[in-house]
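Peer 1: Coordinates for the following, if possible.
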Amino acid sequence: MATTKIDQERCKGCEMCIAVCPKKILGLSDKINAQGYHFVEQKGPDCIGCTFCALVCPDVVIEVYK
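Peer 2: Below you'll find the model as predicted:
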């Protein structure tokens, strides 16, 4: 089982990672970061470690651990 680590303070909530996640486990948080953005968070436990989210992130804020 894999998991994601998201730098919530650097995330701008562009939602690109949400769109490419094959398991649809990423989503925007109800909270906002210091920059004023709703950041992405892992909403479910079913991460398969595909790294699509990390590869598409323009700000390189996602790390995937297997």
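Peer 1: ranges for the helices of this structure?
Peer 2: Counting by DSSP state H, one finds helices in the chain at the ranges 16-20, 52-56.
Peer 1: Dump these to TSV, plus mean pLDDT, distance to residue 2 and mean neighbour count.
Peer 2: Every C-beta, even on glycine, is put in place using the N, C-alpha and C of the backbone. TSV is the format used below for the helices of the chain (pLDDT from 0 to 100; distance: least, Cβ to Cβ, whole Å; neighbours: other Cβ atoms under 10 Å):
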stretch	mean pLDDT	distance to residue 2	mean neighbour count
helix 16-20	98	14	17
helix 52-56	98	11	18
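Peer 1: can I get those helices in TSV with distance to residue 46?
Peer 2: Putting the helices of the chain into TSV (distance: least, Cβ to Cβ, whole Å) gives the following:
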stretch	distance to residue 46
helix 16-20	14
helix 52-56	13
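Peer 1: nearest to residue 30, of these?
Peer 2: Ranking the helices of the chain by proximity to residue 30 (Cβ to Cβ) places helix 16-20 first, at 14.6 Å.
Peer 1: so what does that closest one touch, helix or strand wise?
Peer 2: strand 26-32, helix 52-56 (3 or more Cβ pairs under 8 Å, 6 or more residues apart in numbering; DSSP states H and E).
Peer 1: Output these in a markdown table; the columns should cover distance to residue 62.
Peer 2: Below are those laid out as a markdown table (distance: least, Cβ to Cβ, whole Å):
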| stretch | distance to residue 62 |
| --- | --- |
| strand 26-32 | 9 |
| helix 52-56 | 4 |
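Peer 1: and of those, who's closest to residue 41?
Peer 2: Using Cβ to Cβ as the measure, strand 26-32 is the one of the helices and strands packed on helix 16-20 that comes nearest residue 41, at 4.7 Å.
Peer 1: still on that earlier bit, and of the helices of the chain, who's closest to residue 37?
Peer 2: Closest to residue 37 of these is helix 16-20 (Cβ to Cβ; 13.3 Å).
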